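Q: Structure here, sequence nowhere to be found:
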């Protein structure tokens, strides 16, 4: 049974993303989540929504402008989609604000952790805050009274601002009405108050509260009738004309300078702002009432994340997690000869964050210091501003090794960081490539060439996640250290294609986007259909961040209709409708939300008992299959394959503490605990750490 046009077979991407954020928010609602972690999840939702508006809502608005009548694959026109998404976003934000104001902050206050509002300041605290305002804040502020000589200032994306309602006349006889005060980015948003003054062990004043309390002193002789915080979110997608550019790095740097002044897409305002000032700001930024969000806390809630990191109350956080360095790397970390021998002996699987990322750093450390290593090749998508890994590559280049780094300059919101690292690498003589214009290099690969026995032997690391030690402690990802010559030769071919020119050469084991990954996934799905129709066992399991690509989804629907059992573990957006009779009744979709962010991509096909298992850098999305350079790599060792099946799928399908089940309409329900509780993250932490 195919869905009718009124019941399309694909779900809306933006609504699915908001459903994901509802599941994240549920972690903040959960009373069993440690209190500071509940605050952290509220902040994570806030940060997620920032990007959602900067990218997804911006895209919807552009569709609404260019193709207002075009009905999408989800059955909605841009206008219908925009209306539904805005309504869902408002409901989510209202729920988030209520949770912060009515539950989390009161409970934190009961624990001696408080945001001190001016209305409850003691005389001593008021004097302390006043002195701090004059000393640290007031010299940094530039109030702008709006009149023909002082137009509305240029406002930075997501910056903290205040609108002040004034009355009276200034020194020049000008009537005052409205002023804008912009909070410099250099000022801290959270100010620690000494306990003896705060009256609580952990007292803080928000910069918002400090400016609101004393803003009148910026306008001597005038009456500040009200001051209200606000911020505007802007379109942050970058556009680089691929046909016109000659130097991607220079073109991107020019575009980055304008990112923070794109078209406005959202206005967040103080809950007490009068309607006339709200309308004034809406007109200034060409926004509508549905684009405006009233908040009961700070307009940038994610700034409160700092509380989770600075308050020394370990009992209010998740237990400290210290991942183990697995054998044999726990005993060979300082010896390059032994480390390479351990990888040459057999493939080594790492599962982060349950197992330490240190073996990957040790692998590159050994490559940098070992005189037998002649070359290192690596892709970089996200690595952070302070990266030990990048310092190792710099050291290797300084030592005279051939270092080739494919730096993806278009990694969203990490562009400037990657530009900086690219410049540093070039300064020390490394070969820096920016991949293929029009195709982001998202593959995670590091290849080491080493002289052994009169020849060159290759050693490689392939991963599902970024070379970012900090996120490796928070994100679940698989990595494979290998000396398999077919795999490593394939890696070398991919690097040659990224740094040079020419026809692609066939790969023996690796799958690569935009060439073979998509067609192979579709073929493997169809292969399960053949087995099912022949009466043989047929099974597909796949784990990823997002599932949106229509051809893959259609192939999965056909597999379900043929009797193939399909289990999908999709953390975030999922356009597939699960469990629809006649369409997808054999497909189950789960989402696991917990302490660690599920990030690995794993694909399993029973294949009449052969059990094909692939790890990948790619989600099942259009961009990953067709507009990015991605890789999928097979797990060949039987014992490692068994590990991946258990750790990626079997345990996740047993989980009854963190897992959610998708309904046909795109809603999710929490899996009910039946029998013994089973927590995927706790199980793997105990088993591997």
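A: Alright, I've got the coordinates. From a predicted model like this one, the values you see are computed outputs, not experimental measurements.

Q: In the lengthiest strand in the chain, which residues are buried?
A: Determined from DSSP state E, the single longest strand within the chain is strand 223-234. By neighbour count with 16 or more other CB atoms under 10 Å, strand 223-234 contains the buried residues 224, 227-234. Using the backbone N, CA and C atoms, a C-beta is placed for each residue, glycine as well.

Q: looking at this protein, which helix or strand does the model trust least?
A: Ranked by mean pLDDT, DSSP states H and E, the weakest helix or strand in the chain is helix 248-259, scoring a mean of 54.

Q: correct me, but residue 205 touches residue 130?
A: No - contact criterion CB atoms under 8 Å: residue 205 and residue 130 do not qualify, at 11.3 Å.

Q: Between these two, point out the one with more neighbours.
A: residue 205 (24 against 16; other CB atoms under 10 Å).

Q: Are we agreed that that one is in a helix?
A: No - counting by DSSP: H, G, I helix; E, B strand; the rest coil, residue 205 is not part of a helix but strand.

Q: wait, what's in contact with it?
A: 115-116, 129, 190-191, 193 (CB atoms under 8 Å, 6 or more residues apart in numbering).

Q: partners of it in the sheet?
A: residue 191 (DSSP bridges).

Q: my read: residue 606 touches residue 532, true?
A: No - with contact defined as CB under 8 Å, residue 606 does not reach residue 532; the gap is 9.9 Å.

Q: Overlap of the contact sets of those two?
A: In terms of CB under 8 Å, 6+ apart, residue 606 and residue 532 are both contacted by the residues residue 538.

Q: quick one: the strands in the stretch 151-300 of the chain?
A: 161-167, 178-182, 190-193, 202-206, 223-234, 264-270, 292-295 (DSSP state E, counting those that start in this stretch).

Q: Dump those strands into JSON lines; add distance to residue 36 as well.
A: What follows is the strands of the stretch 151-300 of the chain, written out as JSON lines (distance: least, CB to CB, whole Å):
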{"stretch": "strand 161-167", "distance to residue 36": "28"}
{"stretch": "strand 178-182", "distance to residue 36": "31"}
{"stretch": "strand 190-193", "distance to residue 36": "14"}
{"stretch": "strand 202-206", "distance to residue 36": "10"}
{"stretch": "strand 223-234", "distance to residue 36": "24"}
{"stretch": "strand 264-270", "distance to residue 36": "24"}
{"stretch": "strand 292-295", "distance to residue 36": "21"}
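
Q: pretty sure residue 165 contacts residue 272?
A: No - Residue 165 lies out of contact with residue 272 (CB under 8 Å); the separation is 11.3 Å.

Q: can you pull the pLDDT of residue 246?
A: pLDDT, residue 246: 46.

Q: Can you get me a residue count around residue 126?
A: As a burial measure, residue 126 scores 13 neighbours (other CB under 10 Å).

Q: residues contacting it?
A: 118, 213.

Q: For it, give its distance to residue 109.
A: 19 Å (CB to CB, to the nearest Å).

Q: go on, residue 420?
A: For residue 420, the distance to residue 109 (CB to CB) stands at 41 Å.

Q: who's more crowded, residue 165 and residue 272?
A: Between residue 165 and residue 272, residue 165 has the larger neighbour count (other CB under 10 Å), namely 18 against 11.

Q: does that one have beta-bridge partners, and which?
A: The partner residues for residue 165, given DSSP bridges, come to residue 178, residue 226.

Q: mind checking how far the residue lying farthest from the centre of the chain is from residue 221?
A: No residue in the chain sits farther from the centre than residue 173, which is 51.9 Å out by CA atoms, centre = their mean. To residue 221, residue 173 is 12 Å away according to CB to CB.
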